[in-house]
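Q: Quick one, fold the following:
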Amino acid sequence: MAVRTDPRQAGAHVRARRPVFGLVAAGALIEGALVLGVLVPLRLDRHPPALSTNLAVSLGVDARGLARYLALIAALLVGYVLALRLARQLGRTGAVAFVAATALFGVTLLPAHPGYSSDVFHYVAIARVAFTYEANPHVTPPQAFPDDPLMSLSGWWWLPSPYGPAWTWLSRLPHAAAGGSTDPTRLLIAFKALTLLGVVGTCAALAAAAERLLAGSGALAAVAFGWNPLVLLHLAGDGHNDAVMLGLLALGLLALASGRRLLALAGFGVAGLVKIAALPAAGALALFLLLNRGLRAVIAAGVVLLLLAAVLTAPYWEGSATFKATFDEGRYFTNTPAALAVEVLTPLLGENAAITLLGVGMRLALLGVLVWLVRRAGAEPRRLILATATGYTLAVSLLCAWYQPWYASWALLCWAALPRSRASVPLLLALTTGALLVPASVNFLPAVLGWDLHSTGIELLTVLSVHLPLGAALVWLWGRRSAREDDPVN
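A: Predicted coordinates:
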């Protein structure tokens with residue numbers, strides 16, 4: 001006897017499978033763009049590690065190369081937008097698959113030369129200072145060992161480690177994994193593998209945190225962060241240690257979402273021992289806890305972090321000089337509105353006075369904004385994360401002395417933790433688009449336009465490339481808000 005199938009049930013089944021097919025197509029588009037647009041032109045077997053090698057050079061530093069780069073980021077953004085749209089329909093299912101896809105994207109980029117930044121070569125150099133020559137990398141620059149050919153790979157050969165002591169100890173892992181090798185390709189892959197673990201770990205922890213904060217958000221959070229073109233190109237592709245810092249922050253978010261305040265603050269604090277950029281998030285969480293009867297957690301986490309910092313720093317402690325390179329980074333003014341302001345104020349005040357005035361002013365402004373935002377957050381962890389996301393967005397766009405594309409990932413992490421909030425997707429897209437346009441203005445436009453790389457015109461174009469997408473997103477959000485307020489149904 002034949003069994004009849006309800007056409008409505010069959011139609012519902014087909015509709016349920018459509019997001020899966022669409023997500024597979026989006027993932028294939030992203031994977032194809034990474035292979036053709038990054039891996040093929042930057043394969044390490046054809047391009048050994050060198051400061052002169054980057055994606056712009058491989059694509060061609062001319063109008064055609066710029067068109068190829070724009071086609072690459074367009075393909076990545078289309079795949080990302082499609083994935084975000086479809087992942088919203090899946091609820092809590094699929095998070096594990098999306099994290100696995102993130103790992104696949106990262107493995108694809110593992111044998112590719114860094115496309116934009118040479119920072120990973122500096123990680124290699126300072127690890128050799130610490131573990132090959134047993135010198136203090138926080139005060140000894142790579143140039144102290146001029147006979148070591150790997151030191152010349154660092155674009156910052158004159159700079160001691162500007163990172164925290166936790167990163168110094170973690171860098172022993174890829175250094176040991178390479179067996180003390182002097183092969184730059186082997187060392188590069190080892191360090192990129194560590195940061196890839198950071199990206200995948202961040203994606204997994206973030207998905208779990210988002211699901212606890214709002215049921216049905218885990219899969220979308222995994223896509224929002226792990227499939228993000230900025231995360232793939234600059235964290236996984238270029239091997240930035242921000243991925244490790246973000247992984248610790250994501251674990252802190254997971255602890256916060258689970259009601260474990262002490263663990264949350266400890267995770268944020270340890271992230272700050274990797275890279276100082278995590279400290280605003282740690283400070284915001286500490287203030288949040290103090291305002292919500294969490295004094296014991298703040299004291300306990302503070303004691304633990306002080307002891308850990310003392311243990312990690314003790315072998316390298318040489319007074320205030322230990323962290324001089326870390327804090328000197330705040331005096332670099334590039335690719336920001338503040339950098340343009342320095343040019344205006346320098347004839348009036350002198351360069352040092354202008355840098356000091358703007359540096360102190362921006363830090364105080366960021367502190368004030370964070371305090372105001374956290375006080376408004378009340379007792380809800382979700383509102384604290386939104387406050388932190390807003391603070392980081394303001395920091396990297398307006399209150400940062402020096403902008404680099406991967407800095408936007410600090411805000412991306414927080415927005416991705418709450419992917420169903422009204423502002424999340426527009427700001428994820430705006431931050432990502434602005435960051436991906438920076439290489440266009442820095443690597444391609446000077447040659448295409450015939451302008452000097454360090455000219456005010458290029459600086460202005462870079463600032464506009466970051467701020468125009470953000471401005472468009474804010475205008476759109478304001479328009480949606482006004483529309484809801486004017487709608488009598490609402």
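
Q: Give the next helix or strand downstream of whichever helix or strand residue 447 is part of.
A: Using DSSP states H and E, the element containing residue 447 is helix 445-449. Under the assignment DSSP H and E, the closest C-terminal helix or strand after helix 445-449 is helix 456-486.

Q: Next one: residue 285 relative to residue 266, how far apart?
A: Using C-beta to C-beta, to the nearest Å, residue 285 is found at 10 Å from residue 266. Where C-beta positions appear, they are placed from N, C-alpha and C, glycine not excepted.

Q: repeat for residue 360
A: Counting by C-beta to C-beta, the gap from residue 360 to residue 266 is 30 Å.

Q: likewise residue 135?
A: Distance from residue 135 to residue 266, by C-beta to C-beta: 30 Å.

Q: Between these two, point out the one with more neighbours.
A: residue 266 (23 against 18; other C-beta atoms under 10 Å).

Q: what stretches of the protein score poorly on pLDDT?
A: Scanning the chain for pLDDT under 70 picks out 1-17, 91-92, 330, 482-490.

Q: Just give the closest residue to residue 273, not the sequence neighbours.
A: residue 166 (3.8 Å; C-beta to C-beta, 6 or more residues apart in numbering).

Q: Which helix or strand contains that neighbour?
A: Short version: residue 166 belongs to helix 165-170, going by DSSP H and E.

Q: what packs against that helix?
A: helix 261-274, helix 295-313 (3 or more C-beta pairs under 8 Å, 6 or more residues apart in numbering; DSSP states H and E).

Q: In a markdown table, list those helices along with distance to residue 323.
A: Listed next are the helices and strands packed on helix 165-170 as a markdown table, based on distance: least, C-beta to C-beta, whole Å:
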| stretch | distance to residue 323 |
| --- | --- |
| helix 261-274 | 11 |
| helix 295-313 | 9 |
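
Q: out of those helices, deepest packed?
A: Mean neighbour count (mean count of other C-beta atoms under 10 Å) peaks for helix 261-274 among these, with a mean of 24.

Q: Roughly how far does the closest residue to residue 305 other than its chain neighbours sit from residue 210?
A: Distances taken as C-beta to C-beta, 6+ apart place residue 269 nearest to residue 305, at 4.0 Å, with adjacent residues excluded. According to C-beta to C-beta, residue 269 and residue 210 sit 22 Å apart.

Q: Could you do residue 342 as well?
A: Counting by C-beta to C-beta - residue 342 and residue 210 are separated by 39 Å.

Q: One more: residue 158?
A: 42 Å.

Q: And for residue 459?
A: Note on residue 459: its distance to residue 210, by C-beta to C-beta, is 37 Å.

Q: Neighbour count for the two, which is higher?
A: Comparing residue 459 with residue 210 by other C-beta under 10 Å, the one with more neighbours is residue 210, at 31 against 21.

Q: ok, so what distance separates the residue nearest to residue 305 from residue 233?
A: For residue 269, the distance to residue 233 - C-beta to C-beta - is 29 Å.

Q: What of residue 134?
A: Distance of residue 134 to residue 233, computed by C-beta to C-beta: 35 Å.

Q: what's the answer for residue 133, then?
A: 33 Å.

Q: which residue is nearest the centroid of this structure?
A: residue 409 (2.6 Å; C-alpha atoms, centre = their mean).

Q: who's more crowded, residue 133 and residue 233?
A: Shown here are residue 133 and residue 233; by other C-beta under 10 Å, residue 233 has more neighbours (27 against 14).

Q: residues in contact with that one?
A: Applying C-beta atoms under 8 Å, 6 or more residues apart in numbering to residue 233 gives the contacts 38, 76, 115-116, 436.

Q: Pick out the most distant pair among those.
A: 76 and 116 (13.9 Å; C-beta to C-beta).

Q: More neighbours: which of these two?
A: Each of residue 76 and residue 116 has its neighbours counted (other C-beta under 10 Å); residue 76 has more, 25 against 21.

Q: Check the gap between the closest residue to the more buried one other than its chain neighbours and residue 460 for me.
A: Closest residue to residue 76 apart from its sequence neighbours, by C-beta to C-beta, 6+ apart: residue 229 at 3.7 Å. For residue 229, the distance to residue 460 equals 24 Å [C-beta to C-beta].

Q: Between these two, tell me which one has more neighbours.
A: residue 229 (25 against 14).

Q: quick one: contacts for that one?
A: Applying C-beta under 8 Å, 6+ apart, the residues near residue 229 are 30, 73, 76-77, 80, 432, 436.

Q: May I see those arranged in TSV, with secondary structure as well?
A: Formatted as TSV, these follow (DSSP: H, G, I helix; E, B strand; the rest coil):
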residue	secondary structure
30	helix
73	helix
76	helix
77	helix
80	helix
432	helix
436	helix
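
Q: and which of these is nearest residue 223?
A: residue 80 (8.0 Å).

Q: For the closest one, the count of nearby residues, please.
A: Residue 80: 24 neighbours (other C-beta under 10 Å).

Q: now swap in residue 434 and tell me
A: Residues within reach of residue 434, counting by other C-beta under 10 Å, total 27.

Q: cool, and residue 360?
A: Residue 360: 11 surrounding residues under other C-beta under 10 Å.

Q: can you pull the buried residues of the helix or strand that contains it?
A: Element membership for residue 360, per DSSP H and E: helix 351-377. With burial defined by 16 or more other C-beta atoms under 10 Å, the residues of helix 351-377 counted as buried are 354-355, 358-359, 362, 366, 369-371, 373-374, 377.

Q: which other helices and strands contact the helix holding residue 447?
A: Secondary elements touching helix 445-449 (3+ C-beta pairs under 8 Å, 6+ apart): helix 63-87, helix 456-486.

Q: from those helices, which stretch is densest packed?
A: Of the helices and strands packed on helix 445-449, helix 63-87 is the most buried (mean count of other C-beta under 10 Å), at a mean of 19.
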